[in-house]
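In: Return a 3D structure for these sequence lines:
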Amino acid sequence: MGELFKTQHTIDEMLDKMGVKIVLDTEHLSETDILEAQKSGESVVLKKKEEDSESK
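Out: I've put the predicted structure just below:
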């Protein structure tokens, strides 16, 4: 059915070769980089939901 491929590369190395950049904290990106990523659709922002207990 499917073949198993073994690799010595880490996930980080594979993503780097594909040109993928994962940024968990945009605080360290320049404003230009943030705007450029948003314009090209390369930016996904996940916001943490506030817990119900905090809002009560």
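In: in this structure, which segments are predicted with low confidence?
Out: In the predicted model, the chain carries pLDDT under 70 at residues 1-2, 4, 44, 46-56.
In: Not counting residues beside it along the chain, what's closest to the spatially most central residue of it?
Out: Per Cα atoms, centre = their mean, the C-alpha nearest to the average position across the chain is that of I22, at 3.2 Å. What sits nearest to I22 in space, not counting adjacent residues and going by Cβ to Cβ, 6 or more residues apart in numbering, is L15, at 6.9 Å. Where C-beta positions appear, they are placed from N, C-alpha and C, glycine not excepted.
In: cool, K17 as well?
Out: Of all residues not flanking K17 in the chain, H9 sits nearest, at 7.9 Å (Cβ to Cβ, 6+ apart).
In: any idea which helix or strand carries the one you found?
Out: Under the criterion of DSSP states H and E, H9 resides outside all helices and strands.
In: Ok, I34 next?
Out: helix 31-39.
In: Summarise which helices and strands that helix is packed against.
Out: The helices and strands touching helix 31-39, judged by 3 or more Cβ pairs under 8 Å, 6 or more residues apart in numbering; DSSP states H and E, number zero.
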